[in-house]
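> Just a sequence and a predicted model for now, questions to come.
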Amino acid sequence: MEYSTDIKEKPVALIVDDDNTTCATMTAALRKAGFDVKRAADGASGIILFDVVRPDLIFLDVLMPGMDGYETCRAIRNRPGGEYVQIIMVTGLDDTESAEASFQAGANDFLSKPINLTMLGHRAHYMLRAGKAFKDMHLSRSFLAKTQEIAKIGNWKLNFQTDNYTISPEAISIAELSANDNVFTIQDLLQSAIDRDKNKICARVEEAIQKRHSFDVNYQILLPDLSLKHIYMHGEAILSDKKDHEFMIGVIQDSSLMKQAEEEIRYLAFYDSLTGLANKSLFEDRLNKTLDHSERSEQSFALLFLGIDNLSLLNNNLGQSAGDFLLKNTADVIGNRVRRSDSIAKTEPENSNSVLSRQGGDTFVLTLSSLKSPDSAALIASRLLKETQEQLTIDNQEVSALVSIGISVYPDDATDAETLLKHADTAMQHARKQGGNSYQFFKKSINQAVVNRFALERDMKIALKNGDFTLYYQPQLRLSDKKSIGAEALIRWIHPDKGVIPPNEFIPIAEECGLIVEINRFVVNRACAQNRQWLNKGLPPIRIAINLSGYKLAEQNIEKTIKDYLKYYSLDGNAIEVEITENVLLQNTNGITKALYEIKELGIKIALDDFGTGYSSLSYLTSFQVDTIKIDRSFVMGCIGNQRNRVIIRTIIAMGHSLGMG
């Protein structure tokens, strides 16, 4: 009879016996059953062969010269891989003592001689399956134990008849229990819990036992170093028709890391990670509570909206880390001032509900509750302006925060959170426009200007979609022969209701809201299209000067925009001239230099507009390879009656000629 096996390769059987006849007959029977058989004549040889072939099954004769079968079995069990191999002791003795000795040595089974060769194959395959099941179970238990160790989980079982808990070693360690065995009472479990949690544990467990249902309880353990360990305990009743077969099983878990993670998540949800202040979400909740309290107590409070005016400039020049340092320092300064100002801003110390929040970016918001008068808010604002200006050393440079503050007052300016915040923000923006480093109270006139500004922004978005912008072309004449040498493209907005809106009214708003990128693209596109149209009509080539807003010019990728449109309309660089103002050169020297260099590489000339009104050094004329200087009209318009202006103009013209311009 042939035997099949579900193992792809032949299982290996090792026979260790000094009787050649027994070895031969067993070998034949096992090979017929599908085994690959190896043989050894004594225990020492069997151990060596075990290390080499790693058999799945071993037959050990008990009585052998030298090392007997029991000793050989123990030796194999102690070798790497020997814990799972199936070992069958073969003995001529058929007594209880021999069987007991075999199992004590580590054998899985034993055979008595004479061996039933017909059943040997069946017995061998059965032992293989049993061995596999044992190995899988052992590995599963090891895996479970390791998993529980990693997850910091232990298990327990409660005997309803004895009220005793059988607890795993992991659970004993987690619960900080001190006992020599694994059987405990509820009092043993409570010995390590902090006092205020003991009654809670007892109540949950007793209720679950009485009602035969599950329970969950969280409690804490005080450790020797006085820190607290968080414990989660869960139990479920296992019911049966027979009451004496019912019990409860459960787990104990060290949930300290989970609690820590929950606290960190909560912190990130409600606090700014950089400054540690309340974030926007938490502040809105606190502001609504302040509103409720102020309404009930009929008291006023102030909302201060603070913005760091020079944060963006600091980030650009010294890097993000420098800006973060300034933000954290400003947060500390404001926080310290508020704590010192309680007696000014509050009527009663117990009602000290000031909340300081970082709203994101460069802005902070502060509530000052129970104001005696608006003058109290003004006093704190003025002190904040002074204290935030203290010099800091960042990367060996002395810097300080330039802060603008807007103030709105409840209930004078608004009675809801959203409007109070909006009005304070409006007042802060007005303070910035007044030059910054100051505070402003909200005024309705300021708010109307803001409303108008946002309406203009909304209309501008619509205008870009509807094509309400247009370019007018102003001829450029050479004075020596009055010959036209080019044209300057002037953008105008044809508003359907307000008529023509000049650029000085909408360009600053476009720069603030980011629409300037689209407007610059429109100017380049329309100017190149017009130039191509004139060339197609047979007109001589002409250069069109385009005014590009310099707001964050280095970040607009304007050089690529120009290159793309020149290629699209089949124009070379002589078709346009790019005009920038002196203030552009102050933004970011490296970024501007790169952008202007790439524009020059396209064969495009660079003109410096409104020369004489900015703050740039004359060295910029060579650093940025300027081709044309456009003298500011304030000098030109006054040159007839002002000798000083005429001297300045002649000097600028002479300088331009010396630099090869014109």
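Good, I have the coordinates. Residues are numbered from 1 along each chain as shown.

> What pLDDT is listed against the residue nearest to Val12 when sequence neighbours are not counted?
Nearest residue to Val12 in three dimensions, chain neighbours excluded: Pro55, at 4.3 Å (CB to CB, 6 or more residues apart in numbering). Heads up, the C-betas are built off the backbone N, CA and C, glycines and all. Among the per-residue scores, Pro55 shows a pLDDT of 94.

> The one 3 residues further on too?
What the model reports as pLDDT for Ile58 is 94.

> Need phi/psi at it.
Ile58 adopts backbone torsions of phi -130, psi 130, taken as degrees, to the nearest 10.

> contacting residues for it?
Ile58 makes contact with Ala13, Leu14, Ile15, Val16, Gly46, Phe50, Ile76, Val85, Gln86, Ile87, Ile88, according to CB atoms under 8 Å, 6 or more residues apart in numbering.

> now with 7 Å?
By CB atoms under 7 Å, 6 or more residues apart in numbering, Ile58 lies in contact with Leu14, Val16, Ile76, Val85, Ile87.

> Just the ones of these in strands?
Among the contacts of Ile58, the ones falling in strands (DSSP state E) are Leu14, Val16, Ile87.

> Convert the strand or helix carrying Val451 to PDB, retaining C-alpha atoms only.
Under the criterion of DSSP states H and E, Val451 resides in helix 444-466. C-alpha atoms of helix 444-466 as PDB (Å, rounded to 0.1, in the frame of the first residue of the first chain):
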ATOM      1  CA  LYS A 444     -17.300 102.500  10.600                       C
ATOM      2  CA  SER A 445     -15.600 104.700   8.000                       C
ATOM      3  CA  ILE A 446     -12.700 102.300   7.900                       C
ATOM      4  CA  ASN A 447     -15.000  99.400   7.600                       C
ATOM      5  CA  GLN A 448     -16.700 101.000   4.500                       C
ATOM      6  CA  ALA A 449     -13.400 101.300   2.900                       C
ATOM      7  CA  VAL A 450     -12.700  97.600   3.500                       C
ATOM      8  CA  VAL A 451     -16.200  96.700   2.100                       C
ATOM      9  CA  ASN A 452     -15.400  98.800  -1.000                       C
ATOM     10  CA  ARG A 453     -12.000  97.100  -1.300                       C
ATOM     11  CA  PHE A 454     -13.500  93.600  -1.200                       C
ATOM     12  CA  ALA A 455     -16.200  94.600  -3.700                       C
ATOM     13  CA  LEU A 456     -13.400  95.800  -6.100                       C
ATOM     14  CA  GLU A 457     -11.600  92.500  -5.600                       C
ATOM     15  CA  ARG A 458     -14.700  90.600  -6.500                       C
ATOM     16  CA  ASP A 459     -15.400  92.800  -9.600                       C
ATOM     17  CA  MET A 460     -11.700  92.300 -10.600                       C
ATOM     18  CA  LYS A 461     -12.100  88.600 -10.700                       C
ATOM     19  CA  ILE A 462     -15.200  89.000 -12.900                       C
ATOM     20  CA  ALA A 463     -13.400  91.500 -15.100                       C
ATOM     21  CA  LEU A 464     -10.500  89.000 -15.800                       C
ATOM     22  CA  LYS A 465     -13.100  86.400 -16.900                       C
ATOM     23  CA  ASN A 466     -15.100  88.900 -19.000                       C
END
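
> Give me the average confidence score over that helix.
Across helix 444-466, the average pLDDT comes to 81.

> Can you list the neighbours in contact with the helix or strand following that helix?
Next in sequence after helix 444-466, counting helices and strands by DSSP H and E, comes strand 469-478. Contacts to strand 469-478, defined as CB under 7 Å, 6+ apart, come from residues 463, 483-494, 522-523, 526-527, 530, 545.

> if we can go back for a sec, name the member of the ones in strands among the contacts of Ile58 with the most neighbours.
Taking other CB atoms under 10 Å as the neighbour criterion, Val16 ranks highest of the ones in strands among the contacts of Ile58 with 30 neighbours.
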